[in-house]
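>>> model the following, please.
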Amino acid sequence: MDCAQMSKPVLVVDDDPQMRLALKESIGRMGYEVVLSENGQEALDKLRQPGVEFSLMVTDMRMPRMDGLALLKEVRRGSGPLPVLVITGFGTVEAAVEMMKEGATDFLMKPFPFDRLQKAVESIIRSCGSFGGSGASELITANAGMKKIVEMAGKLAASDITVLIEGESGTGKELLARHIHKSSRRADKTFVAVNCAAIPDNLLESELFGHEKGAFTGAVDRKKGKFELAHGGTILLDEIGEMPLLLQAKLLRALQEKEIDRVGGKSPVPVDVRVIATTNRDLWKECEGGRFREDLYYRLNVFPVNVPALRDRPEDIEALSNHFIKTLSQLAGKRIEGIDGAAMAVLKAKKWRGNIRELQNVIHRAVFLAQGPLIEESDFMFGQAKCHPDDAPAGKIRDMEKQLIMDTLKGVDGNRTMAARILGVSVRTIRNKLKEYGENFSC
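I've put the predicted structure just below:
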């Protein structure tokens, strides 16, 4: 696993103090730092802190102030591809599925052994290490055009030339930037990524260039910015098209003079960094519309690289799907050998507006739902997509629900009262569900 990814903490969100501590202890044993939040709003506040990045968020469904679904929607709006593992109790499985349609990566049903939690955490974080994932470490491509791009990126690494990587969200732009860094003479130095779209405009200048003590309210100490932290290495300006115009002028000066000015500083600070920028916008059109400085555009566009969308490289749909299946099934402890022909045809026919990130999530859910050695079309969850019925997962969910109840009853020797307490439902619910399943449980 990439050390940079390993160093990012896991955010745990749960209103139950005992559950929070149990989750912290279990995930902490894996070597991760764990940050705790009591509710969704508190979690959002931590996610919005400048310079703070997490490798994963683990969240409960039912919480005061802001429930898991509302939290997920806010996270997807502001924190992009942060992986999210949902913890749900019996009776909220449909809601958990809805969260997965909204972009959650996976979910666990209570009660669960903590080794299963650890496997899920490891699976999600490692699955982000493929082309298109955050903190990625491996390039996977079978497309001739993409192979040429990767080869060209390796050649670019030999110099300090500024690179502008263009392409839709989720195509693997950050991974390509990391590949350039790892192939360069700066490979043993720091790689610092700054998401210009995720940091509020009034904080972005301080994040990039740092500030002096007392420069503004709350500046209690001197703070180094991302440029200083990347000294000797590489800085990635992710989604540069989102940067406000006023800050673009200061960035241009930093690139030209190779020095930065801290907020509230009295003298410039020299920096030696290799700059790579990414954008999902057409920056030239942004220039024509007056939203991006033309002089900065030319400064960044020394060597442009355009990463094609996944729909334009169908060979990669199969290559990446097989890679995800192999990695995720191993980590989930399941024996899934691949994907059948009909299911692969469905994947290749899909437009993949979310590109590799969307494909990764679809395969992750399919691995979770698959019952046999091959992933089938019925294992996919595409929401309202025409190529798949809306109610396709219903049978799977019913089977999971039934299995959970039966396993819990077996674990308490058929005691329905105790099983209901563990599952967080009434005894009447247990009785009604057993009747629905045609089961008359007795040990």
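
>>> walk me through the domains of the protein.
The chain breaks down by automatic domain parsing into domains covering 1-137, 144-307, 395-437.

>>> of those, which is nearest residue 330?
Nearest of the domains of the chain to residue 330, taken as Cβ to Cβ: domain 1-137 at 8.6 Å. Using the backbone N, CA and C atoms, a C-beta is placed for each residue, glycine as well.

>>> adding mean pLDDT, write the domains of the chain out as JSON lines.
Formatted as JSON lines, these follow (pLDDT from 0 to 100):
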{"stretch": "domain 1-137", "mean pLDDT": "76"}
{"stretch": "domain 144-307", "mean pLDDT": "90"}
{"stretch": "domain 395-437", "mean pLDDT": "75"}
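
>>> so which of these gets nearest residue 360?
domain 1-137 (6.3 Å).

>>> what's the local residue count around residue 355?
Using other Cβ atoms under 10 Å, residue 355 is surrounded by 23 other residues.

>>> likewise for the one 3 residues further on?
Counted by other Cβ under 10 Å, the residues lying close to residue 358 total 19.

>>> the closest residue to it other than its chain neighbours: which element?
With sequence-adjacent residues excluded and distances taken as Cβ to Cβ, 6 or more residues apart in numbering, residue 358 is closest to residue 352, at 5.7 Å. Using DSSP states H and E, residue 352 maps to neither a helix nor a strand.

>>> can you redo the domains of the chain as TSV with distance to residue 359 and mean neighbour count?
Putting the domains of the chain into TSV (distance: least, Cβ to Cβ, whole Å; neighbours: other Cβ atoms under 10 Å) gives the following:
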stretch	distance to residue 359	mean neighbour count
domain 1-137	8	19
domain 144-307	9	18
domain 395-437	20	15
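
>>> TSV please, covering those and showing distance to residue 335.
Formatted as TSV, the domains of the chain follow (distance: least, Cβ to Cβ, whole Å):
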stretch	distance to residue 335
domain 1-137	14
domain 144-307	29
domain 395-437	18
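
>>> so what does the closest residue to residue 238 other than its chain neighbours have for phi and psi?
The shortest distance from residue 238 to any non-neighbouring residue, by Cβ to Cβ, 6+ apart, is to residue 195 (4.7 Å). Here is the backbone geometry of residue 195 (degrees, to the nearest 10): phi -90, psi 100.

>>> residue 199 against residue 206, yeah?
No. Contact criterion Cβ atoms under 8 Å: residue 199 and residue 206 do not qualify, at 9.2 Å.

>>> ok so, going back, my read: the residue nearest to residue 238 touches residue 236, true?
No. Counting by Cβ under 8 Å, residue 195 stays clear of residue 236, with 9.0 Å between them.

>>> quick check: pLDDT value at the residue nearest to residue 358.
Residue 352 carries a pLDDT value of 90.

>>> now the one 5 residues further on
Each residue has a pLDDT score; the one for residue 357 is 81.

>>> same deal with residue 377?
Predicted confidence (pLDDT) at residue 377: the value is 89.

>>> show me the contacts for it.
340, 342-343, 346, 388 (Cβ atoms under 8 Å, 6 or more residues apart in numbering).

>>> ok, and the most crowded of the residues you listed?
Most crowded among the contacts of residue 377, counting by other Cβ under 10 Å, is residue 343 at 20 neighbours.

>>> neighbouring contacts of the host helix or strand of that residue?
Following DSSP H and E, one finds residue 343 within helix 341-349. By Cβ under 8 Å, 6+ apart, the surrounding residues in contact with helix 341-349 are 314, 317-318, 321, 339, 359, 362, 366, 374-377, 379-380, 387-388.

>>> tell me the one of those nearest residue 70?
residue 362 (23.5 Å).

>>> quick check: the nearest residue to that closest one once chain neighbours are set aside vs residue 344, distance?
Closest residue in space to residue 362, ignoring its immediate chain neighbours: residue 380 at 6.0 Å, by Cβ to Cβ, 6+ apart. As judged by Cβ to Cβ, to the nearest Å, residue 380 and residue 344 stand 11 Å apart.

>>> I figured the residue nearest to residue 358 hits residue 312, correct?
No. The criterion here is Cβ under 8 Å, and residue 352 misses it with residue 312 at 9.7 Å.

>>> more neighbours: which of those two?
Neighbour count, other Cβ under 10 Å: between residue 352 and residue 312, residue 352 has more, with 21 against 14.

>>> do you know how far that one is from residue 244?
Taking Cβ to Cβ, one finds residue 352 at 31 Å from residue 244.

>>> hang on, the earlier thing: for the record, mean pLDDT for the helix holding residue 343?
91.

>>> for it, C-alpha coordinates in PDB please.
This file holds the C-alpha atoms of helix 341-349, laid out as PDB (Å, rounded to 0.1, in the frame of the first residue of the first chain):
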ATOM      1  CA  GLY A 341     -19.900 -12.500 -20.900                       C
ATOM      2  CA  ALA A 342     -23.300 -11.000 -20.600                       C
ATOM      3  CA  ALA A 343     -22.300  -8.900 -17.600                       C
ATOM      4  CA  MET A 344     -19.100  -7.700 -19.400                       C
ATOM      5  CA  ALA A 345     -21.200  -6.700 -22.400                       C
ATOM      6  CA  VAL A 346     -23.400  -4.600 -20.100                       C
ATOM      7  CA  LEU A 347     -20.300  -2.900 -18.700                       C
ATOM      8  CA  LYS A 348     -18.900  -2.100 -22.100                       C
ATOM      9  CA  ALA A 349     -22.200  -0.700 -23.300                       C
END
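
>>> report the distance from it to the chain centre.
25 Å (Cα atoms, centre = their mean, to the nearest Å).

>>> restricting to C-alpha, output whatever helix or strand comes next after it in PDB.
Next helix or strand after helix 341-349 toward the C-terminus (DSSP H and E): helix 355-369. Output of helix 355-369 as PDB, limited to C-alpha atoms (Å, rounded to 0.1, in the frame of the first residue of the first chain):
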ATOM      1  CA  ASN A 355     -15.300   7.000 -15.500                       C
ATOM      2  CA  ILE A 356     -13.000   4.600 -13.600                       C
ATOM      3  CA  ARG A 357     -14.200   5.800 -10.200                       C
ATOM      4  CA  GLU A 358     -17.800   4.800 -11.100                       C
ATOM      5  CA  LEU A 359     -16.600   1.400 -12.500                       C
ATOM      6  CA  GLN A 360     -14.700   0.700  -9.400                       C
ATOM      7  CA  ASN A 361     -17.800   1.300  -7.200                       C
ATOM      8  CA  VAL A 362     -19.900  -0.900  -9.400                       C
ATOM      9  CA  ILE A 363     -17.500  -3.700  -9.300                       C
ATOM     10  CA  HIS A 364     -17.100  -3.300  -5.500                       C
ATOM     11  CA  ARG A 365     -20.800  -3.700  -5.000                       C
ATOM     12  CA  ALA A 366     -21.000  -6.600  -7.400                       C
ATOM     13  CA  VAL A 367     -18.300  -8.400  -5.500                       C
ATOM     14  CA  PHE A 368     -20.300  -7.900  -2.400                       C
ATOM     15  CA  LEU A 369     -23.500  -9.200  -3.900                       C
END
